[in-house]
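Student: quick one, what's the 3D model for this:
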Amino acid sequence: MRARFVCGLLGVVAVMAVPAELRAQQVRVPRVAVGPFTGERSAITRGMVASVFSDHVGEIELCALGDYNNAAERLGVPGQADEAAVVAVSRELRLEAVVTGFLERRPNRGYRLLLRVLRGVDGTAAVTQAWDFDRIDEISALGTEIWDRLSPSLRQPPPRGTPGGGGRSSSDAVRDADGTTVGRDGGAGRPGSSSADEPVSDVPGLGFLQLRLGGGIAGRSWRIPILGERTTRGYENNMFGELQAAVALLYRFNQQRMGFGAEASVGVPVGLSSQGRDAAGRPVPLASSGYEVLLGLTVASRPAGGGMLRFSTGLVLQTFNVDTAGLPREMQLAPSSYIGLRVAGEAMIPFYARRDVDVGLLFGGELRWVGVGADLKDAFGDNPRTTFGLGAWFGLATRLDRFAPGLGMRATAEFVRYRTSYAGPAAIGTASDVVDDYTRFILGVTYDFGAEHVRRPDAASVGSSFLGPAARGAVAPVGDPYAPR
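Tutor: You can find the predicted model right below:
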């Protein structure tokens, strides 16, 4: 009897020796709320995400949506998800975590859902995750994945140095029971990786006024076989400079991710000089000039994950004149000009895209359906009246918003070819299979006026971005759900 009493007493003492805080953690499940949502159909999306978490009541204690809304109203922070608002509501409702979200309509089709878990103790982000899908009702089908990716962060303590923070060092990381690596910030990512390594998908949108200035080296190669002659006339000049300027004015929509409007560009040779030989074989300078003008309409898109798409259509006028009137007849050429329609497409595929830096491969192509200039037809044949030009370009492009919102650079190699077979009466001689090539190597600077991180409508207060702490007191630009607050 005495031995049984002693064993029972030791058991009571052992239980009392366990810290009260640890005993509470063993019994109490985390109390979680689904907080404010923004973007497309925010109320419906919030309800569907809340339904996902309601399937796991028992593993968590879920605060009702109405309770959260009422508490936010009483505290004067309705619809806000900055640090101060989250901390205030969490203190009122004894919350460990608050889940916020943003639903964005993608430029082509479908939606992107971003969910973030904010710690109730200090309002900082524990993890941010994103899902892409075609229809809103697919959120329910993603319920298991949403829970698996967010649930580990619902129980994470804040990082060391914050109120209630643990003693984990800056280099520590633990692995949850499901194999998810959780870093020192409490964030959770896919198994074996930290959410901090996930690419950021909130690069700035389009600017309403886009400018481009550039310059580089250009060249022209013109080969003209004249029927009945054994030699081919031509013109070669591959080392003259060229300056380019372009402007586009856009009407933007879809949270500045898409836009359409008008554009114009001009290219002018600089330092252009040509040389021929007279009948005695002496060098003769030849006056030379040229320009290219593009006018038209454009449609552009800048996806949230980086990159760019652009489609243009309109008019093109290109001329190049070499005055050969002082040369022997068998060496004379005619001023060339082409005017007509042009359609073009351009894309930039990013291989590195972050909030303030966007670097990628730039490529594009064009088709020109143009009329042949009167001087060319008089010299080499009245037909055809039209010809085709094909062009292509490729290179690198980058956005440097870290230094100035909308600033960028691009380096391209460009090529355009007109190929024409003339027929009919000709002053100089009927020409067949005439090839007129233009090449350019251009380095340009771009600037988008009005390009900014879209902010959420209620983002008027300050806090921290999920890319890092933001300067307190800075007001975020409009529409980005996770911009600095």
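
Student: tell me where the stretch 101-250 of the chain has strands.
Tutor: With DSSP state E, counting those that start in this stretch as the criterion, the stretch 101-250 of the chain has strands at 111-119, 125-133, 174-175, 180-182, 188-191, 209-225, 232-253.

Student: mind listing what's buried in the last one?
Tutor: Think strand 232-253. Going by neighbour count (16 or more other C-beta atoms under 10 Å), the buried part of strand 232-253 is 233, 235, 237, 240, 242, 244, 246, 248, 250, 252. Where C-beta positions appear, they are placed from N, C-alpha and C, glycine not excepted.

Student: so the residue lying closest to the second one once chain neighbours are set aside bridges to which residues?
Tutor: The reference is to residue 235. Residue nearest to residue 235 in three dimensions, not counting chain neighbours: residue 222, with 4.2 Å by C-beta to C-beta, 6 or more residues apart in numbering. Taking DSSP bridges as the rule, residue 222 bridges to residue 235, residue 436.

Student: tally of neighbours for residue 222?
Tutor: Residue 222 sits with 19 neighbouring residues when counted by other C-beta atoms under 10 Å.

Student: isn't it right next to residue 438, touching?
Tutor: No - counting by C-beta atoms under 8 Å, residue 222 does not reach residue 438; the two are 9.4 Å apart.

Student: so who does the residue nearest to residue 235 touch?
Tutor: 234, 235, 236, 333, 336, 434, 435, 436, 437 (C-beta atoms under 8 Å, 6 or more residues apart in numbering).

Student: nearest to residue 301 among those?
Tutor: residue 437 (31.4 Å; C-beta to C-beta).

Student: how close does that closest one get to residue 85?
Tutor: Using C-beta to C-beta, to the nearest Å, one gets 62 Å for the distance from residue 437 to residue 85.

Student: for the two, indicate the residue with more neighbours.
Tutor: Counted by other C-beta under 10 Å, residue 437 and residue 85 do not tie: residue 85 has more neighbours, with 25 against 15.

Student: gap between that one and residue 100?
Tutor: 10 Å.

Student: which residues of the chain fall in helices?
Tutor: 2-17, 20-27, 42-54, 65-75, 83-93, 138-141, 143-154, 374-380 (DSSP state H).

Student: which other helices and strands contact the third one?
Tutor: When contacts are defined as 3 or more C-beta pairs under 8 Å, 6 or more residues apart in numbering; DSSP states H and E, helix 42-54 packs onto strand 31-39, strand 61-63, helix 65-75, strand 97-105, helix 138-141, helix 143-154.

Student: in that helix, what's buried?
Tutor: 42, 45, 46, 48, 49, 50, 52, 53.

Student: let's have those in JSON lines, adding pLDDT and distance to residue 112.
Tutor: Formatted as JSON lines, the buried residues of helix 42-54 follow (pLDDT from 0 to 100; distance: C-beta to C-beta, whole Å):
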{"residue": "42", "pLDDT": "86", "distance to residue 112": "14"}
{"residue": "45", "pLDDT": "89", "distance to residue 112": "11"}
{"residue": "46", "pLDDT": "91", "distance to residue 112": "16"}
{"residue": "48", "pLDDT": "89", "distance to residue 112": "15"}
{"residue": "49", "pLDDT": "91", "distance to residue 112": "14"}
{"residue": "50", "pLDDT": "90", "distance to residue 112": "19"}
{"residue": "52", "pLDDT": "90", "distance to residue 112": "17"}
{"residue": "53", "pLDDT": "90", "distance to residue 112": "20"}
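
Student: which residue packs closest to residue 332, ignoring adjacent ones?
Tutor: residue 324 (4.6 Å).
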